[in-house]
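**Q** structure, please.
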Amino acid sequence: MRILFTESSNNLGGQELQLLQQLSILPEYGAECRLVCRAGSRISEQGSVQGVALSHAPFARAIDTTSIRALRSIVAQWRPDAIVAHGSPDFYAARLAIVRTSPRPALFRVKTYHTGGHSGWLHSWLSDGVLVPSEFLRRTICTSRLPRHANIHVLYPGVQFYDTKESVQDSMKGEMAKEGPTAQADLSHPVICHVAMLRGEKGHLFMLDVVAALKDRYPSIRYVIIGDGPERERVESRIRDLKLTRHVVMLGFLSSPHEQVLASTVAVNPATVEPLGMSQIEALGLGVPVVANRAGGIPETFIDKHHGALCEPGSVDQWVASLKEIFEDEKAARVRAEMGSRWVRSRFSCAENAEKLVSMISAHIR
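**A** Next up, the predicted model:
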């Protein structure tokens, strides 16, 4: 089986990292893979490091004749059984490139979010299948403009879970020391870890209100923020307004934050918009207790009360109560998290992702 992946993004975020992971593991399942992306993009650079078979196209716009010709040539020479497109520019270029191809490769569109409008409807009609990361996103697309419901499939992401669970508190202290005087404060429990880009929907401002409500009962509480983004100045301003300077540590972007997560009492995901959410899955995979919003696809990632806690978005009281329960009986919380670890490692394994993708493509090969 030959699979041609396309990606029009210049960035290297969650979707691009997932694609690189698939390119690495799919050969173990009998698939020969190639990636077409923009020259100079970060995924091209990383793919080159990984030894991925690469080709380039500009993917400058939805209807880009240069990209269409490039893909048509690649398809004619390489003869893929399927094309898996990750962005709109590369999807439309691929669709036009294979119009007169015989036999035509199956065409799939990967969608990790849905902003409304016509794209979900259009992609479902122009492709052989739309792959989404959660049942929540599938339902969202299916309620808009009558797409081909049977054509939209849930493909949960594969997570590269770490096997190690040894204590890394010293490593955490080392990272925090880079942040200056605030980071050198007492690191005794409880420590709340939040891995997310600093964007409004990720809930950092809300979590500051939660920490403010907890700090009198837990004077040594620390809220560790891992990530960067456009909301950084607003978050820093709110920290000062709430007088939380000694309680909040901002580490910025870390390529591998698992050590900091593992050293924490609890990992949180207070996002209000989340097609699935990865941070709580990765934390549970390490056996770290989690608290998250009952929003988007997050409830699909663990079982409330059995593995972690789900709270209603915006409810400071619920969040405070859930975190207190963990702080007051961390041993019980760790037992639940260990059960959650086994659950997520089965549901979101790389092997499960690869096997299901190959199965979906096999069902559509002509």
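
**Q** so residue 292 sits in a strand?
**A** Yes - assessed by DSSP: H, G, I helix; E, B strand; the rest coil, residue 292 belongs to a strand.

**Q** what are the bridge partners for it, then?
**A** Bridge pairing for residue 292 (DSSP bridges) gives the partners residue 269, residue 310.

**Q** so it is in contact with residue 313, correct?
**A** No - with contacts defined as C-beta atoms under 8 Å, residue 292 does not count as touching residue 313, sitting 10.0 Å away. Every C-beta, even on glycine, is put in place using the N, C-alpha and C of the backbone.

**Q** quick check: neighbours shared by those two?
**A** Taking C-beta atoms under 8 Å, 6 or more residues apart in numbering as the contact criterion, the common neighbours of residue 292 and residue 313 are residue 270.

**Q** between the two, which one's more packed in?
**A** With neighbours defined as other C-beta atoms under 10 Å, residue 292 and residue 313 compare such that residue 292 has more, 29 against 18.

**Q** pLDDT wise, what is that one at?
**A** Looking at residue 292, its pLDDT reads 98.

**Q** swap in residue 176?
**A** 44.

**Q** right, and the helix or strand after the least confident helix or strand in the chain by mean pLDDT?
**A** Sorted by mean pLDDT, DSSP states H and E, the helices and strands of the chain end with helix 169-177, the least confident at a mean of 44. Note on helix 169-177: by DSSP states H and E, the next helix or strand toward the C-terminus is strand 191-195.

**Q** show me what whichever strand or helix holds residue 319 is packed up against.
**A** Counting by DSSP H and E, the element that carries residue 319 is helix 316-328. When contacts are defined as 3 or more C-beta pairs under 8 Å, 6 or more residues apart in numbering; DSSP states H and E, helix 316-328 packs onto helix 204-214, strand 266-269, strand 290-293, strand 309-311.

**Q** rounded mean pLDDT for the first one, please.
**A** For helix 204-214, the per-residue pLDDT values average out at 98.

**Q** who's in contact with that helix?
**A** If you take C-beta under 8 Å, 6+ apart as the criterion, helix 204-214 is touched by 192, 194, 196, 198, 221, 223, 225, 231, 234-235, 238-239, 242, 244, 247-248, 268, 270, 314, 316, 319-320, 323-324.

**Q** try the third one
**A** Strand 290-293 is contacted by residues 203, 266-272, 274, 277, 280, 283-284, 298, 301-302, 307-313, 319, 322-323, 326, 337, 340 when judged by C-beta under 8 Å, 6+ apart.

**Q** make a ChimeraX selection of the buried ones in those.
**A** ChimeraX command restricting those to the buried ones, with burial defined by 16 or more other C-beta atoms under 10 Å:
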select :203,266,267,268,269,270,271,274,277,280,283,284,298,301,302,307,308,309,310,311,313,319,322,323,326,337,340
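
**Q** where does the prediction get shaky in the stretch 251-366 of the chain?
**A** Applying pLDDT under 70 to the stretch 251-366 of the chain flags residues 366.

**Q** please redo it, this time with the cut-off set to 90
**A** 253-256, 364-366 (pLDDT under 90).

**Q** and the helices in it?
**A** For the stretch 251-366 of the chain, the helices defined by DSSP state H, counting those that start in this stretch cover 258-262, 279-285, 316-328, 330-347, 350-364.

**Q** give me whichever of these is most buried.
**A** Counting by mean count of other C-beta atoms under 10 Å, helix 279-285 has the highest mean neighbour count of these, with a mean of 26.

**Q** packing partners of that helix?
**A** Partner elements for helix 279-285 (3+ C-beta pairs under 8 Å, 6+ apart): strand 191-195, helix 258-262, strand 266-269, strand 290-293, helix 330-347.

**Q** the first one pairs with which strands?
**A** In the sheet containing strand 191-195, the strands it pairs with under DSSP bridges are strand 222-226 (parallel), strand 266-269 (parallel).

**Q** per-domain residue ranges of this structure.
**A** Using automatic domain parsing, the domain parsing of the chain gives 2-158+349-364, 169-347.

**Q** which residues touch residue 7?
**A** 16, 19, 35, 36, 37, 38, 41, 43, 86, 87, 90.
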